[in-house]
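*Asks:* No letters, just coordinates:
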């Protein structure tokens with residue numbers, strides 16, 4: 001097979017697979033809702049969290065990550081068994097590039113997709129540095145619980161992983177390392193650009209919190225059998241009248 005034809009087929013297959021939007025699919029089949037018409041209107045994980053809760057958002061995130069990761073990994077394995085095995089690592093990130101493009105501009109939904117972050121996270125997660133991705137993910141998940149701005153945590157995750165993979169490809173002397181680095185940082189810059197609105201709202205103190213902490217607290221409350229009572233329904237005894245005596249002489 002001609003190498004140009006091989007990469008053309010990889011691009012088409014990765015783009016079509018990336019165009020599958022699990023937020024739309026899950027929102028419709030589980031709630032009969034169009035995710036683009038609720039919440040922020042963005043068909044992504046964070047809107048699923050705000051609109052439908054923790055579990056639908058978690059399932060969406062997992063499916064998007066696995067979608068991109070498996071796409072890249074299968075591409076790498078296939079290329080390893082062709083007459084161009086030296087291109088296998090580059091093919092992994094090349095497929096990731098088009099999977100993210102498909103996620104953001106899906107042909108199945110009129111080229112109106114999400115912000116591509118979960119899809120790119122999947123590309124980063126299925127690399128040989130998966131264990132680094134796991135540690136970084138846990139760190140920023142913990143930080144997310146405390147300050148509750150999801151876009152900061154997720155953008156920090158992809159930045160740390162892109163930096164780690166940049167060092168790794170040069171240390172390990174991976175073929176076409178420079179091309180891989182260009183893809184990594186172009187995707188990182190693209191994802192940052194897609195979140196420019198979040199940055200503007202954050203600076204203006206208008207950015208909504210993700211609701212991650214609230215969702216986690218609700219889960220633990222339910223597990224412990226704690227019933228949340230609205231504040232308006234809580235009956236409190238009337239406050240005692242405080243009498244201040246005047247001790248001054250007349």
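*Replies:* All right, it came through fine. Note that this is a predicted model, so its numbers are computed, not measured.
*Asks:* Tell me the buried residues in stretch 74-92?
*Replies:* The neighbour-count check on stretch 74-92 (16 or more other C-beta atoms under 10 Å) flags 74, 75, 76, 78, 79, 84, 87, 88, 89, 90, 91, 92 as buried. (Each C-beta comes from the backbone N, C-alpha and C, glycine too.)
*Asks:* Same check on stretch 57-64?
*Replies:* 57, 59, 60, 61, 63, 64.
*Asks:* Check stretch 165-183 too.
*Replies:* Residues 165, 166, 168, 169, 174, 176, 177, 179, 180, 181, 183 are the ones in stretch 165-183 that count as buried (16+ other C-beta under 10 Å).
*Asks:* Give me the distance between the two termini of it.
*Replies:* 11 Å (C-alpha to C-alpha, to the nearest Å).
*Asks:* quick one: contacts of that stretch?
*Replies:* Stretch 165-183 is contacted from outside by 86-87, 89-90, 93-94, 96-97, 124, 127-129, 184-185, using C-beta atoms under 8 Å, 6 or more residues apart in numbering.
*Asks:* In stretch 39-50, which residues are buried?
*Replies:* 39, 42, 43, 44, 45, 46, 47, 48, 49, 50.
*Asks:* With stretch 126-136 instead?
*Replies:* Buried residues in stretch 126-136, counted by 16+ other C-beta under 10 Å: 126, 127, 129, 132, 133, 136.
*Asks:* Check stretch 115-122 too.
*Replies:* Across stretch 115-122, burial judged by 16+ other C-beta under 10 Å covers 115, 116, 117, 118, 119, 120, 121, 122.
*Asks:* Likewise for stretch 66-76?
*Replies:* In stretch 66-76, counting by 16+ other C-beta under 10 Å, buried: 67, 68, 69, 71, 72, 73, 74, 75, 76.
*Asks:* By mean pLDDT, flag the weakest helix or strand of the protein.
*Replies:* Lowest by mean pLDDT, DSSP states H and E among the helices and strands of the chain is helix 212-224, with a mean of 66.
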